[in-house]
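Undergrad: Below: sequence and its predicted model.
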Amino acid sequence: MRGHGRQHGLGYLIAFGATGVGLLLRRFLSTDVFGIEAPLYLFLFVVAASAWLGGLKAGLLATTLSTLVEMYFVLAQDGWSTAEPLSRLRIILVLFSGVAISWFTELVHRSRDRAEQQRESLRITLDSIGDAVITTDAEGRVVSLNPVAVTLTGWTQDEAVGRPLDEIFHVINERTRQPIENPVKKALAEGRIVGLANHTVLIAKDGTEHPIDDSAAPIRDAAGGIRGVVLIFRDITERKRLYQQLQEADRRKDEFLATLAHELRNPLAPIRNALQILRWAGDDKKAVEQALTVMERQLQQMVRLIDDLMDVGRIIRNKLRLRLEQVDLVTVLRNAVDISRPLIEAAGHELTVTLPAGPIYVEGDATRLTQIFSNLLNNAAKYTEPGGHIWLTVELEDKHVVIRVKDNGLGISAEHLPHIFEMFSQVERSLEHSQGGLGIGLTLAKHLTEMHGGTIEAHSEGQGKGSEFIVRLPKTSSLPALQPPFAAPAESRAATGRSKVLIVDDDEDTVTSMSMMLRILGHDTYSARDGLEAVEAANSYRPDIVLLDIGLPKLSGYEVARRIRQQPWGKEMTLVALTGWGQEEDKRRAREAGFDYHLIKPVEPTALEKLLQDLHSSSA
């Protein structure tokens, strides 16, 4: 079967039928037309009808039958040898004319088939395109719409065809709400591709609005004349949403970096002032003690900021690991209160704590749980007017423990409440209410709570009406305590024994200050500034303990540790990684390289003192 639906069997029947009808008419017609007998025209018509309706083979069959019929009449009258030349010419004319008509008709059919196939292919292509496509004629009237265009405009193909494009494609400026010139008119007038300006909105038939971008291009014929225009446009709602999200993320990133710079500078000012006080104080022990207290407090603030950033990085990379054990939540909350108390008291807040009399056990990481609730208490203290009130309460449910941290502070607007736990999110507040922070404390609290199998919610009736954070943690059966991972021992002070200590760091101030501190504690110290020098110093100095940085010139701290461990004299040395690299992966690599301990800069002096004392005691 051909594309246009003709069938060979039907074509043969048509050829036989048409020839039969022609035969009957042949017997009764003998009138000449333009000097040629009418039967000749009759048979040519028979061939044309057969070829048109039945195809090439039907036309050739009709030609053959018509030629035989004509030969029959000629032979019946005169015989071929005695027939007049005109009669013979008529037979030949029927044969060749029939073949020519059949071939011509076939070519017409094939041309129509190709055109139909091209139209169908174009229709399928346009229907498959993800963009909307509208074509118009040279007068700007709609010729076709693909399904996407139907969806966006709200006009069906039947409704739109023949209408001026302005009726179907109604566009306005998103900001001014004024109509925009139809790009098709410009494409027709100027004969070039024309695009819409930004912020264009398409108004559909039902009034629905779609932000779009588009272009219109003239359709030219073989001679270069403009036959119409093709308009291609697309809905950019999702693209705009993603762009706005990127803009918001970029804005929050810039705000975070500015806040980070501000928060890191804040402790530096009092530290610098305290250093100057130490230079000027002379024998004023009280001034020296106050300066040292300020420096220690501000240094701890910087450490907390950096620790929070490190925790965020671990959470993003899914590297944060909990040290699960049976934990008394009441003890955790008391520790959190102790951590936040200086900030609360500095602001003159009243803190009301309501805790059960006995312990409440949950499965968790005591350090991380303390971090959750100290972050919530700090948040309440920061964003409550001086002299405010903060409540910390614990309630027991069937399977959960519910902890509430409530304040009568600045509150959270309904607009910001859904985003309060997002990274680097800070509710906008005036400068006089600003208390600093990186905007990651609540994010950490949320992730840490969820890692413990709990939930956290934020509630506020609006700005100026305070806020409440509710944490729910599951009550679980007790588990045996897990051994702590690779880390330093707990802090405490003790009498210090004398040890030989090699300090390896490429930062001169770090080496100098560490050496001074250890000498004050009674230890002998030696220093090295790069990896190769460290290996040589360990060989010649044979220290009891090596405090070794990881990021060193020439050889990394890991490679230094491996080389020391390979030597007979290095197998009993105590190697301590003293570095700013504090991820779990860093600790694993340190352990594999041969380190005994892993301390994160800036190390707490009392923790280092305790470690050295324990090592001296064990060796003794």
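TA: Arrived safely, thanks for sending. Numbering: from 1, shown residues only.

Undergrad: helices or strands up against the helix or strand that contains residue 219?
TA: Taking DSSP states H and E as the definition, one finds residue 219 inside strand 209-220. For strand 209-220, the contact count by 3 or more Cβ pairs under 8 Å, 6 or more residues apart in numbering; DSSP states H and E identifies helix 183-190, strand 194-195, strand 200-203, strand 226-235, helix 237-281 as packing neighbours. (Each C-beta comes from the backbone N, C-alpha and C, glycine too.)

Undergrad: again, 6 Å this time
TA: If you count contacts as 3 or more Cβ pairs under 6 Å, 6 or more residues apart in numbering; DSSP states H and E, strand 209-220 packs onto helix 183-190, strand 200-203, strand 226-235.

Undergrad: what would these look like in TSV with mean neighbour count, mean pLDDT and distance to residue 545?
TA: Shown next, in TSV, are the helices and strands packed on strand 209-220 (neighbours: other Cβ atoms under 10 Å; pLDDT from 0 to 100; distance: least, Cβ to Cβ, whole Å):
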stretch	mean neighbour count	mean pLDDT	distance to residue 545
helix 183-190	19	83	78
strand 200-203	18	88	71
strand 226-235	20	86	67
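
Undergrad: For the strand holding residue 219, buried residues please.
TA: Of all the residues in strand 209-220, those buried under the rule 16 or more other Cβ atoms under 10 Å are 210, 211, 212, 213, 214, 216, 217, 218, 219.

Undergrad: Quick check: of these, which lies closest to residue 135?
TA: residue 219 (7.1 Å; Cβ to Cβ).

Undergrad: For that closest one, give me the pLDDT.
TA: Residue 219 is assigned 84 on the pLDDT scale.

Undergrad: which ones are touching it?
TA: For residue 219, the contact set (Cβ atoms under 6 Å, 6 or more residues apart in numbering) comprises 227, 228, 230.

Undergrad: which two from the buried residues of strand 209-220 end up farthest apart in space?
TA: Every pair of those checked by Cβ to Cβ; the farthest is 211 and 219, at 26.5 Å.

Undergrad: Can you tell me the SS state at residue 519?
TA: Following DSSP: H, G, I helix; E, B strand; the rest coil, residue 519 is assigned to helix.

Undergrad: So what's the residue count around it?
TA: Using other Cβ atoms under 10 Å, residue 519 has 12 neighbouring residues.

Undergrad: picking that back up, I'd like to know which of the contacts of residue 219 is nearest to residue 169.
TA: Nearest to residue 169 out of the contacts of residue 219 is residue 230 (Cβ to Cβ; 12.5 Å).

Undergrad: Against residue 195, how distant is the residue nearest to the closest one when sequence neighbours are not counted?
TA: Spatially, and ignoring its direct neighbours in sequence, residue 230 is nearest to residue 135 (5.1 Å; Cβ to Cβ, 6 or more residues apart in numbering). Going from residue 135 to residue 195 by Cβ to Cβ, to the nearest Å gives 17 Å.

Undergrad: and the two? which has more neighbours close in?
TA: Neighbour comparison, residue 135 and residue 195: the larger count goes to residue 135, with 21 against 16 (by other Cβ under 10 Å).

Undergrad: Is the more buried one within a helix or a strand, and which one?
TA: Using DSSP H and E, the element containing residue 135 is strand 132-137.

Undergrad: That strand pairs with which strands?
TA: As defined by DSSP bridges, the strand partners of strand 132-137 come to strand 142-145 (antiparallel), strand 226-235 (antiparallel).

Undergrad: Adding distance to residue 391, write those out as CSV.
TA: Output for those, formatted as CSV (distance: least, Cβ to Cβ, whole Å):
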stretch, distance to residue 391
strand 142-145, 63
strand 226-235, 50
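
Undergrad: for the ones you listed, which one sits closest to residue 169?
TA: Within the strands paired with strand 132-137, the stretch nearest residue 169 is strand 226-235; the backing value is 6.8 Å (Cβ to Cβ).

Undergrad: any idea of the angle that closest one forms with helix 183-190?
TA: Taking axes from the mean of the first three to the mean of the last three Cα atoms, to 10 degrees, one finds that strand 226-235 is oriented at 150 degrees with respect to helix 183-190.

Undergrad: residues in contact with strand 226-235?
TA: Contact with strand 226-235 is made by 131-138, 184, 187-188, 191, 210, 212, 214-221, as judged by Cβ under 6 Å, 6+ apart.

Undergrad: same question, stretch 408-425
TA: The contact list for stretch 408-425 (Cβ under 6 Å, 6+ apart) reads 252, 256, 383-384, 388-389, 427, 439, 442-443, 446, 458, 460, 462-467.

Undergrad: same deal with stretch 287-304?
TA: Here stretch 287-304 makes contact (Cβ under 6 Å, 6+ apart) with 267, 270, 271, 274, 277, 278, 281.

Undergrad: now swap in stretch 161-175 and tell me
TA: Outside stretch 161-175, the residues that touch it by Cβ under 6 Å, 6+ apart are 136, 140-142, 153, 155, 160, 179-180, 182, 184, 199-203.

Undergrad: what do you get for stretch 105-112?
TA: By Cβ under 6 Å, 6+ apart, the residues outside stretch 105-112 that reach it are 51, 52, 56, 59.
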